[in-house]
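Colleague: Dropping the sequence and predicted coords here.
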Amino acid sequence: MKSEVLDIVALGAAGDGIARRAGGSIFVPGALPGESVRAEIAGNRARPEAWLRESPDRVTPPCRHFGACGGCVLQHWAAAPYAAWKREKLVAALTAAGFPEAPVAPLVSVPPASRRRADLALRRTPAGIALGLHAIGQAAVVNLAECHVLDPRLVALFAPLRALLRRLPALKREGSAVLNLLDTGPDLLLRTDGPLDAAGRALLAGFAREHGLPRIAWAQGNGPAENAAQLGPVALRFGTASVAPPPGAFLQASPGGEAAIIAAVLAGLPAKLPAKARIVELHAGLGTLSFALATRARVEAYEGAAEAVAALAAAAGSAGARIRAARRDLDRQPLAPAELQNLASLVLDPPYAGAAAQMPLLARARVPRIIYVSCNPGALARDAKPLALAGYRVLAATPIDQFPWSAHLEAVVVFSPATT
Ligand SMILES: C[S@@+](CC[C@H](N)C(=O)[O-])C[C@H]1O[C@@H](n2cnc3c(N)ncnc32)[C@H](O)[C@@H]1O
């Protein structure tokens, strides 16, 4: 390995500094644009050894785990260039898709310490229980003493959870803990690599009582979850509806992010909708968007996870909302053009992989308004291409910083055929 002086000219998609050399780009973790570093190069990556020039935009990271924990990669950058870089991700994605003129709004910021969903890795080690996120690029778990992204009510459970797991034989070597902060309190889905006996169940029930968790669900490995302790109902409100999320359910990462997404989706609907207007929603989950959409039109909501569909259908029934929920695997069975006729709008919010199978069919059906909620600009760039080729234009594009200090970006993009 050799050491070289590298000038950082840009920041890559994953948040690494980029230096250009004759042989191509070198990625330098931790380095910022405008900086000059001496770094040890291995392939197209380099490990900084010393900073020869620092960026005036370099700031002190607030978290002691920054640099090790894989959750945050950009706590060392000032807010303004960071926000511009995140917004630029959406500009670049839409340009790559064929929409270089897309009107991209300023970044909507979401405050730190408001994330309500944590998917934590667990390890039993000779030193005790490690509970946290994976180290950058490694399987090792960074044992978190603090987290500036998560809601403090979830962080407050870290130490008691470690104490619980130390005494729980069901955790032999490794597992995971999904913590969802619901309106009824924290909800825990614990996955362990060993079976849970009666004494273990009693421990979990005691923990739930002591720390105000209405439910703790447990599963061995990737098996189905069962309720190990249920002390009361679980609920999350969407507008006037109350949903009972299944253990470990997908939630939008923070209340602020969710509100920004809903606002951008509603703003993307046509201003006037006839009384019987019909909206098709794909990847509806528990109905985060469905209940908001149902205030404007009838909603046909499709979702792949059976438990989410059941929770959404039950909540819609109780609330009397105009939502028909159906289970469908949209990768294997995307909606056909014949099913997409006479729609006022179509809203999709696919998982990270995007909606490759669905997009050419949407383009062919010439749906008058397509609102795409994206958590992956790369997938968005690919998925929006068929719309560009079919003559759609972008009416609005809103980047939302749902995942502060990470390289991830949420966005809501509103497409319409050029003639409508
Ligand atoms: C990003 S989440 C959005 C959920 C919901 N719109 C929300 O805002 O809470 C993506 C959703 O797509 C669902 N999903 C993933 N793969 C799917 C597939 N092949 N078919 C249908 N739904 C799928 C997931 O279960 C999840 O609920």
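Modeller: It's in.
Colleague: can you give me the helices for the stretch 201-350 of the chain?
Modeller: 255-268, 290-293, 306-319 (DSSP state H, counting those that start in this stretch).
Colleague: Tell me how many other residues crowd the closest residue to the ligand within the stretch 301-420 of the chain.
Modeller: Closest residue of the stretch 301-420 of the chain to the ligand, C-beta to the nearest ligand atom: G304 (2.8 Å). Every C-beta, even on glycine, is put in place using the N, C-alpha and C of the backbone. Number of residues near G304 (other C-beta atoms under 10 Å) recorded here: 18.
Colleague: hang on, it packs against L330?
Modeller: Yes - contact criterion C-beta atoms under 8 Å: G304 and L330 qualify, at 6.4 Å.
Colleague: shared neighbours of these two, anything?
Modeller: Here G304 and L330 share the contacting residues H283, scored by C-beta atoms under 8 Å, 6 or more residues apart in numbering.
Colleague: which parts of the stretch 301-420 of the chain sit against the ligand?
Modeller: Residues of the stretch 301-420 of the chain lying close to the ligand (C-beta under 6 Å from any ligand atom) are E303, G304, A305, A308, D329, L330, D331, D349, P350, P351, C375.
Colleague: just to revisit the earlier point, quick one: pLDDT of the residue of the stretch 301-420 of the chain closest to the ligand?
Modeller: For G304, the pLDDT comes out at 98.
Colleague: Could I get the phi/psi values of R393?
Modeller: Dihedral pair for R393: phi -130, psi 160, per degrees, to the nearest 10.
Colleague: Use 8 as the first number from now on
Modeller: Right, with 8 as the first residue, what we last looked at is R400.
Colleague: is it in a bridge, and if so with what?
Modeller: S423 (DSSP bridges).
Colleague: Can you report how many residues lie near it?
Modeller: Neighbours around R400, by other C-beta under 10 Å: 17.
Colleague: so what's whatever residue of the stretch 58-207 of the chain ends up closest to the ligand bridging to?
Modeller: As assessed by C-beta to the nearest ligand atom, the ligand sits closest to R124 within the stretch 58-207 of the chain, at 10.5 Å. As for beta bridges, R124 partners with N187 under DSSP bridges.
Colleague: burial measure for it, as a count.
Modeller: R124, neighbours per other C-beta under 10 Å, totals 19.
Colleague: I'd say it and A184 touch.
Modeller: No - using C-beta under 8 Å, R124 makes no contact with A184, being 11.5 Å away.
Colleague: separation between G201 and A226?
Modeller: G201 sits at a distance of 12 Å from A226 (criterion: C-beta to C-beta, to the nearest Å).
Colleague: One more: N234?
Modeller: 11 Å.
Colleague: So for these two, which residue has more residues nearby?
Modeller: A226 (19 against 13).
Colleague: was I right about that one contacting P253?
Modeller: No - applying C-beta under 8 Å as the test, A226 and P253 come out as separate, 11.7 Å apart.
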